[in-house]
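[1] Sequence plus the predicted model coming up.
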Amino acid sequence: MDTLFHLITGFTNALAGMNLLYCAVGVVAGMFVGILPGLGPTAGTALLLPITFGMSPTEAIIMLAGIYYGAMYGGTITSVLINAPGEAASVITCLDGYPMSKQGRAGAALGVAAIGSFIGGIFSLIGLLIIGPLVAEQALKFGPPEYFCLMLMGLTLVVGLMGKSLVKGLIVALLGLMLSLIGTDPSIGTIRYSMGIDNLISGLDFVGIAMGAFGLAEIFESLEQNLRAAKELPKVSGLFPEKEEWPVVLKAIARGSFLGFFIGLIPGTNSIIPTVISYSYEKKLSRHPEKFGNGAIEGVAGPETANNSYCGGALVPLFTLGIPTSPVMAVLIGAFIIHGLTPGPTLFIKHADLVWTVIASMFIGNVLLVILNLPLAKAWAQVARIPVKILFPIIIIVALLGVYGINNNMFDVGSMIFFGIFGYFMKKAGFPMAPLLLTFILGNQLEVSLSQSMTIFRGDFTRFLTRPICLVLLSIVVITLVASAVTGTKRKEAFGDKESEM
Amino acid sequence: MNRSDLKLSTVVTFVLIVLSSAYFLESFNFVYWQKYGPGPGFAPRWASLITLGLLILCFFQSFKGEGIRLSETFPKGDGRVNILVTWASLILFVLFSKTLGFTVTSIAMLTVLFGRNMKWPKAVLISVIVSLCCFFIFKSLLQVPVPVNRFGW
């Protein structure tokens, strides 16, 4: 009953004035980000983060969340129409979406993708509002040792499940931790690694690192590839599948919704994993597996549903535990911190208004996206025709202004450029950049909770093992590390490295 | 091994080893342990020590298997010029925007970036429009601080 009351209040707030506007702006910006090749949701949210500085926390989170799930929708359009996925989660959609488009069924492909995304999005939000408060309630019972182990487990899962090499993932994660330790130490105020630079006394700024390592680095990679704008677009007509296709489509959507949501709950996964699993599952269950790759409608419906459902699932650990499960979530957590909020179990109590307004705004955002997608798909696809050589310089200027605005100094701009170039080389050398952001954002909390735990334990590390929750979490850490070392090569072959940055 | 055989990951790992070693040595200047718990030197020392171990492992691994060679790091042709021009313009922005102000620096930077793909007059025109729009949106609309010259733009 409480949940229903909170949700109604959330809807009232989300529909009020600027919240609704920022939700609309967020999903539209997300659609742009998703459609444009060379920019993913992580880069999009990181680059647009500074625009939210002047907003209230609720408005800012509403807009950034809108960008995130809007990008998931946007990527589909170019996958179907021009066989160019705007973001990595839509790669699978190309397999059947583009053949459908060539058969003159682009409208039906976009239609089922939009309907599936909508249902998946709504399903995962219902999951979030049912599971979220329950998890948060349990998490309130956690003390510093449990929190330390939980963060360690989250980070290990991220490092273990992402990227080609466990060693490289661990190195990058530790580099993120080392960067987070720069500045004033939280226990006795010692200034560490400032090298006499005043700007480093308060530590490196998260926004500069996120915008550099994800935003700029991604733009540099795209500039290098000399991306060309799409020239011709196929005709889009008839936005719904044939009558006899509906049962197959609805079943695929139902399976995709479950799959996406539950995979979203696991730290270290990304939106590609549910799409790949959904696609293979649909193919396995199909009476006509030979149609897959040649325009099977359930090959579009399942994965598209799964990737949007994943978004809601991934918000559960963020809202309830304060653990970012992916780089986009790390950017969102950074936004929370910038706006003076601490994601975690207390968020549901101390800032219940904000949480429920954001959740309600996501329902509204999903409705907006269906309205924007179904009748306007072809108009959206025109965005893919904007030459990136014109667009990227504008994005760079906006990023420069945005990062300068954080502290009104050039140091942050310099650090963004440094991390952009650093990220470019690191990616080329095969180092995944996602763990850097995650450990950087959690570094401070990790150190504080470790320090508090050790004070409780009077310096005895072994007492971690005497607490049941810690024991379970630490066992997962060990199992993850061993398992990812053993299975690393197989996973590398199955998913590649690109997905690691989602 | 000649220079062209050297892999990018070997060089990156080597640079990171040097930086992590410096970080590790610096950690000895901070208190490692206080009366009941870790001091400010605890986390940096362990983090950098483990990183160093992994980096050394990675350094030796980098000689085996596949990877981008140092000579292949940058693309050839247009791609290379795109990257280098963008980096140079970013550095110029950092160096001059405080003295020349955002508007002038941004127009110059965008003209250089756009000028590679369109005729110069058009590039200048678009740069002026984009710079003024950004200036207005950030400074007036969003009230975000913008680097300005002594004339306020």
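    Arrived safely.

[2] Just the CA atoms of the top helix by length along chain B, as PDB, please.
    Ranked by number of residues, the top helix in chain B under DSSP state H is helix B:78-100. Provided in PDB are the C-alpha atoms of helix B:78-100 (Å, rounded to 0.1, in the frame of the first residue of the first chain):
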ATOM      1  CA  ASP B  78      42.500  11.200 -42.900                       C
ATOM      2  CA  GLY B  79      41.900   9.300 -39.600                       C
ATOM      3  CA  ARG B  80      45.300  10.300 -38.300                       C
ATOM      4  CA  VAL B  81      45.000  13.900 -39.300                       C
ATOM      5  CA  ASN B  82      41.500  14.000 -37.700                       C
ATOM      6  CA  ILE B  83      42.900  12.800 -34.400                       C
ATOM      7  CA  LEU B  84      46.000  15.000 -34.400                       C
ATOM      8  CA  VAL B  85      44.100  18.200 -35.400                       C
ATOM      9  CA  THR B  86      41.500  17.500 -32.700                       C
ATOM     10  CA  TRP B  87      44.100  17.000 -30.000                       C
ATOM     11  CA  ALA B  88      46.000  20.100 -31.100                       C
ATOM     12  CA  SER B  89      42.900  22.200 -31.000                       C
ATOM     13  CA  LEU B  90      42.000  20.900 -27.600                       C
ATOM     14  CA  ILE B  91      45.400  21.900 -26.200                       C
ATOM     15  CA  LEU B  92      45.100  25.300 -27.800                       C
ATOM     16  CA  PHE B  93      41.700  25.800 -26.200                       C
ATOM     17  CA  VAL B  94      43.200  25.100 -22.800                       C
ATOM     18  CA  LEU B  95      46.100  27.400 -23.400                       C
ATOM     19  CA  PHE B  96      44.300  30.400 -24.800                       C
ATOM     20  CA  SER B  97      40.700  30.400 -23.600                       C
ATOM     21  CA  LYS B  98      41.500  32.100 -20.400                       C
ATOM     22  CA  THR B  99      43.200  35.100 -22.100                       C
ATOM     23  CA  LEU B 100      41.300  35.300 -25.400                       C
END
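
[3] is any part of it close to chain A?
    Yes - Helix B:78-100 lies within reach of chain A by Cβ under 8 Å from any Cβ of the partner chain, at B:78-80, B:82-83, B:86-87, B:90-91, B:93-94, B:97-98. Where C-beta positions appear, they are placed from N, C-alpha and C, glycine not excepted.

[4] Following that helix in sequence, what is the next regular element?
    Next along the chain after helix B:78-100, taking DSSP states H and E as the criterion, comes helix B:102-115.

[5] Output the contacting helices and strands for the helix or strand just after that next one.
    Going down the chain from helix B:102-115, the next helix or strand is helix B:120-135, by DSSP H and E. Applying 3 or more Cβ pairs under 8 Å, 6 or more residues apart in numbering or on different chains; DSSP states H and E, one finds that helix B:120-135 makes contact with helix A:388-407, helix B:102-115.

[6] Which residues outside helix B:120-135 are in contact with it?
    Outside helix B:120-135, the residues that touch it by Cβ atoms under 8 Å, 6 or more residues apart in numbering or on different chains are A:390, A:393-394, A:397-398, A:401, B:102-103, B:106-111, B:114-115, B:118, B:146, B:153.
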